[in-house]
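Asker: Coordinates for the following, if possible.
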Amino acid sequence: QLQLVESGGGLVQPGGSLRLSCRAPGFSLNYYAIGWFRQAPGKEREGVSCISSSGGGALYGDSVKGRFTISRDTVNNTLYLQMNSLKPEDTAVYYCAAEMRHGYVCFLNQDQYVFWGRGTQVTVSS
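Answerer: Now for the predicted structure:
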């Protein structure tokens, strides 16, 4: 079964940057749309960004537009979430999720996604 592994989280000061990675050891992610979601303490999980299996389509949540960039490296079978200009309100556990969906479309609806990683903590604090 497809298992996703996130990495790259940590503690960063406001205004700083982090790059999260999502891998699936032993599986190709080339036929999956990938989403990044986050959940802060006491809050519901929210969609951050997603990218289509082709890489030609992407979506961003309103709170991260212009600051976060999602990308996929098909050679290394890795998905990335580049996070710049981080704010304290970005503090959360970040999860990657996969949905088998060919083409140019992805969704930020978490119900679409079947496979989930265990998450990586991102803390933005001075």
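Asker: what about the strands in this structure?
Answerer: The residue ranges that make up the strands of the chain, judged by DSSP state E, are 5-7, 10-12, 18-23, 32-39, 46-51, 58-60, 68-73, 78-83, 92-100, 115-116, 120-124.
Asker: Looking at these, which is nearest to L108?
Answerer: Of all the strands of the chain, the one in closest proximity to L108, counting by Cβ to Cβ, is strand 46-51 (3.2 Å). Every residue, glycine included, has its C-beta placed from N, CA and C.
Asker: what does that closest one contact?
Answerer: Contacts with strand 46-51, where a contact means Cβ atoms under 8 Å, 6 or more residues apart in numbering, come from 33-39, 57-61, 63-64, 68, 70-72, 79, 81, 94, 106-110.
Asker: Buried ones only from the residues you listed, please, as a ChimeraX command.
Answerer: Applying 16 or more other Cβ atoms under 10 Å to the contacts of strand 46-51 leaves a buried subset, and the ChimeraX line that selects it is:
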select :33,34,35,36,37,38,58,59,60,61,64,68,70,72,79,81,94,106,107,108,110
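Asker: what's around T120, how many residues?
Answerer: The local packing count at T120 equals 22, with neighbours defined by other Cβ atoms under 10 Å.
Asker: Could you do the one 5 residues further on as well?
Answerer: Neighbour count for S125, taken as other Cβ under 10 Å: 10.
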